[in-house]
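**Q** Following is a predicted model, sequence given first.
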Amino acid sequence: MNICNISVEKENSRGLSEAYKAYFPKIYKYVLYRVSDHSTAEDLVSEVFEKVLRNYHTFDPGKGKFSTWLFTIANNAVINYYRMNNRNTDPADPEKLEANYRLEDLIVNQELTEFLLKAIKHLDERQRNIIAFKFGACLSNRQIAEMTNISESNVGTILYRSLKKLKHILKEQGVIY
């Protein structure tokens, strides 16, 4: 089953359950790329799916794709999180960020993941958002372009420049050579 093409019917709770299973990992990664903290990402993703459940009856497939609606809710949750906590999405000192990892989150690539999440905080909000859509949510450049109202080629350019900047940051930190 291709999780990017799941269609969800309004009266079908099984469809909503399948959508949750299909989109949860993508939404989680997207939010994690935006907030760089596992526990915060978990809280925000829970909030996203609570809103989806409460407002599912308002979803109109004629107005757009389910995935677009879902990622819009996730994006708004992240924006509201920063507003409510009076936090700037570009903190003055990204080195002070410490992700709270639980034991089960510790995997072979934990250290690299930490460096990458810290490095992502050096990108501007637009770059972080596009990186999150691309690598966190596994969306195509075309899907990202539709969701952000910019051209597909502009998405590619922003991705290229963002990745180049991340590579430079990781080299400065001695993470890669």
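**A** Structure's in. What do you need?
**Q** Could I get the pLDDT score of the residue nearest in space to the middle of the chain?
**A** Closest residue to the average C-alpha location of the chain: residue 30 at 1.4 Å, with C-alpha atoms, centre = their mean. The score at residue 30 is 90. That number is its pLDDT.
**Q** what bits of the protein have low per-residue confidence?
**A** 1-15, 87-111 (pLDDT under 70).
**Q** in this protein, which spans are helices?
**A** For the chain, the helices defined by DSSP state H cover 13-35, 38-55, 66-84, 110-120, 125-131, 141-148, 152-172.
**Q** Show me what counts as buried in the fourth one.
**A** In terms of neighbour count (16 or more other C-beta atoms under 10 Å), helix 110-120 has its buried residues at 113, 114, 115, 116, 117, 118, 119, 120. (C-beta placed from N, C-alpha, C; glycine too.)
**Q** which among those residues gets closest to residue 151?
**A** The nearest member of those to residue 151, counting by C-beta to C-beta, is residue 120 at 23.2 Å.
**Q** Relative to residue 57, how far out is the closest residue to that closest one other than its chain neighbours?
**A** Distances taken as C-beta to C-beta, 6 or more residues apart in numbering put residue 128 closest to residue 120, at 5.8 Å, once the chain neighbours are dropped. Using C-beta to C-beta, to the nearest Å, residue 128 is found at 32 Å from residue 57.
**Q** More neighbours: which of the two?
**A** Using other C-beta atoms under 10 Å as the criterion, residue 128 and residue 57 rank with residue 128 on top: 22 against 9.
**Q** what about residue 142, how many neighbours?
**A** Residues within reach of residue 142, counting by other C-beta under 10 Å, total 10.
**Q** which residues touch it?
**A** Listed by C-beta atoms under 8 Å, 6 or more residues apart in numbering, the contact set of residue 142 reads residue 152.
**Q** Tell me how far it lies from residue 162.
**A** 18 Å.
**Q** cool, and residue 73?
**A** Taken as C-beta to C-beta, the span from residue 73 to residue 162 is 24 Å.
**Q** pretty sure residue 35 is touching residue 78, no?
**A** Yes - assessed by C-beta atoms under 8 Å, residue 35 is found in contact with residue 78 at 6.4 Å.
**Q** Many thanks, I have nothing further to ask.
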